[in-house]
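Colleague: Show me how the following folds:
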Amino acid sequence: MEERLQKILSACGVTSRRGAEQFLVQGRVTVNGRSAQVGDKADLDLDDVRVDGKPLKKVREHTYLMLNKPRGYVTTLSDEQGRPDVSQLIRTCGRRVWPVGRLDLDTDGLLLFTDDGVLTQHLLHPSHEVEKEYHVWVTGNLTYGLRVLRGPLQLDGVPLRPARVEVLEQLGDSAVLSITIHEGKKRQVRRMCGAGQLKVKRLQRVREGGLLLGDLPLGQWRPLTETEIRHLLDA
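Modeller: Got it, this is the predicted structure:
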């Protein structure tokens, strides 16, 4: 069956769909000997699709990993500024995988990796609204901050779905909050806390959909279980 080349490259674990567009623009992809363009289609069962001259093969089994990302690592596979990147932490997995979504430099916690382009698109598409839970260490006026966090909020002029906010610990003007969101806007939780005049001391993602970070050590990764993979595919 014919499919767009961006989808084929992503499903075969070559790169994400966005990365596939760049491959096509750069002339790195050919179909039956001809340079392919963005939007072209092919059928891997009938066509000779090559990337950098090497035949493209279907991936029979995908890889799914969970990393407990430490602070100080950027969520990219390489960094022009020479900063530590998350690819350095999962090199031992033996497969070419990419991060699903992002955690900013100063955020730690659960970060998924896969070579499954279809799942990546599914989890990142706003329409699926996959829940993400964060633990947030904050200081400030908690009474005011909670009222703002639990009320109607907008970012970049766009209304957010109401967040679920719980107080896990509190001591004076310091607290640990659980904040569950559905969107994935850039630095969303930090910006929400800022709107409530709360200063974020630490931010950790502990859950994505039905997946829990659990006791995975900081900086370590593990493969997902079959049950966890099914949860992701059904998210």
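Colleague: Next, the buried residues of stretch 41-57.
Modeller: Going by neighbour count (16 or more other C-beta atoms under 10 Å), the buried part of stretch 41-57 is 42, 44, 47, 49-51, 56. Heads up, the C-betas are built off the backbone N, CA and C, glycines and all.
Colleague: typed the wrong thing, it's stretch 64-77
Modeller: 64-70, 73-75, 77.
Colleague: can I get those residues in TSV with secondary structure and pLDDT?
Modeller: Shown next, in TSV, are these (DSSP: H, G, I helix; E, B strand; the rest coil; pLDDT from 0 to 100):
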residue	secondary structure	pLDDT
64	strand	94
65	strand	96
66	strand	97
67	strand	98
68	strand	98
69	strand	98
70	coil	98
73	coil	96
74	strand	94
75	coil	93
77	coil	84
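Colleague: Tabulate those residues in TSV, adding columns for distance to residue 160.
Modeller: As requested, these are exported to TSV (distance: C-beta to C-beta, whole Å):
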residue	distance to residue 160
64	29
65	29
66	26
67	27
68	27
69	24
70	28
73	27
74	25
75	22
77	30
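Colleague: Farthest pair within those residues?
Modeller: 64 and 74 (21.7 Å; C-beta to C-beta).
Colleague: Show me this structure divided up by domain.
Modeller: 3-55, 64-126+211-234, 131-208 (automatic domain parsing).
Colleague: So what touches the strand or helix carrying residue 143?
Modeller: According to DSSP states H and E, residue 143 maps onto helix 142-150. By C-beta atoms under 8 Å, 6 or more residues apart in numbering, the residues outside helix 142-150 that reach it are 138, 162-163, 165, 167, 170, 173, 175, 177, 179, 192-193, 195-198.
Colleague: rerun that using 7 Å as the cut-off
Modeller: 138, 163, 165, 170, 173, 175, 179, 192, 195-198 (C-beta atoms under 7 Å, 6 or more residues apart in numbering).
Colleague: do the same with stretch 10-19
Modeller: For stretch 10-19, using C-beta under 7 Å, 6+ apart, the contacting residues are 6-7, 9, 20, 23, 51, 56-59, 96, 98, 115, 117-118, 120-121.
Colleague: same thing with stretch 83-101?
Modeller: Counting by C-beta under 7 Å, 6+ apart, residues outside stretch 83-101 touching it are 13, 16, 63, 65, 67, 69, 72-79, 111-115, 120, 123-124, 184, 219, 221.
Colleague: residues in contact with stretch 209-224?
Modeller: 64-68, 70, 89-90, 93, 108-110, 130-131, 206-207, 228, 231-232, 235.
Colleague: For the residue positioned nearest the centre of the chain, which three-state class applies?
Modeller: Central residue of the chain (C-alpha atoms, centre = their mean): residue 101, 1.8 Å from the mean position. Here residue 101 is recorded as coil under DSSP: H, G, I helix; E, B strand; the rest coil.
Colleague: Would you mind measuring from it to residue 75?
Modeller: 8 Å (C-beta to C-beta, to the nearest Å).
Colleague: Over to residue 27?
Modeller: Counting by C-beta to C-beta, the gap from residue 27 to residue 75 is 28 Å.
Colleague: How about residue 45?
Modeller: 35 Å.
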